[in-house]
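> here's a sequence, model it:
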Amino acid sequence: MQDITAFDWPRLLWGTAPPLFLLEIAFRVLVIWLWTAALLRWIGGRSIAQLSIVEFLLVIALGSAVGDALFYPEVPLLHAMVVILLIVLLDKAVDLALRRWPKAKAVIDGLPVEVLRDGRILCDGLRARRLSTLELMELLRLKGIDNLGSLRRAYLEPSGDISIFRADPPRPGLCIMPPVERDPAKSGSGPVARRDEPSCCRNCGQLGMADQDQCGECGGQGWVKAVLPQA
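Reported below is the predicted structural model:
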């Protein structure tokens, strides 16, 4: 193994390759860019949110294949172009399977998971996706939801986005505005419930009475008054 001198500026800045290698790098970039751009145009444009997990892994592999060929002199251009082509063909095969066989989507992408029903967060659904109630509340706020009582159903999609279905009419529920993370001691940000009035769990929105020892859904012990969503 060759000894390396720390902060060897010539090696650090331009390496040990001859100056003409910079021109070769420019040629490599041009060839690989044109080849990859042509193949990606053949695939068609898709956003990151539309990619399956397998396709996302293929994108990572594609980035590695493209990057290695740009400046590693021991990587022949032909080898890199074959690797890029094979990755693109695998992506086309996955896309074809998703369109032709419905069961393939469940295997490759996964299935939607119900995480909220009738204003109550379903902790089993969150555990299946390794998500906390605070993270779910954040996703709901990004959809413009400020009270769990305004929702009938919510599903976490395989893409990571959340689908919401509003309740009509809305029911009293847990207020999640302002963000409860700002003051966990007042999570739910609603008025404290008296022991003789309907209330909801600060953690999951389960309706109950404040004199209960703990929530039957999530085991939480904090209760706030259930309030109607604002119109």
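> what lies in contact with stretch 172-179?
119, 137-138, 140-141, 145-151, 188-190, 198, 200-202, 204-205, 207, 224, 226-229 (CB atoms under 8 Å, 6 or more residues apart in numbering). No exception for glycine: its C-beta is placed from N, CA and C like everyone else's.
> ok, residue 170 to residue 38 distance?
From residue 170 over to residue 38 the distance is 52 Å, taken as CB to CB, to the nearest Å.
> which residue of those two possesses the greater neighbour count?
residue 170 (18 against 10; other CB atoms under 10 Å).
> grab the most central residue of the chain for me.
residue 160 (4.3 Å; CA atoms, centre = their mean).
> report the separation between that one and residue 144.
18 Å.
> again, but for residue 30
Counting by CB to CB - residue 30 and residue 144 are separated by 46 Å.
> again with residue 35
From residue 35 to residue 144 the distance is 44 Å (CB to CB).
> and for residue 230?
Applying CB to CB to residue 230 and residue 144 gives a distance of 12 Å.
> where do the helices sit along this protein?
Remark: helices assigned in the chain by DSSP state H are 9-13, 21-43, 53-71, 77-100, 102-108, 123-128, 133-142.
> just checking, residue 24 touches residue 73?
Yes - with contact defined as CB atoms under 8 Å, residue 24 counts as touching residue 73 (7.5 Å).
> tell me how the protein divides into domains.
9-106, 113-225 (automatic domain parsing).
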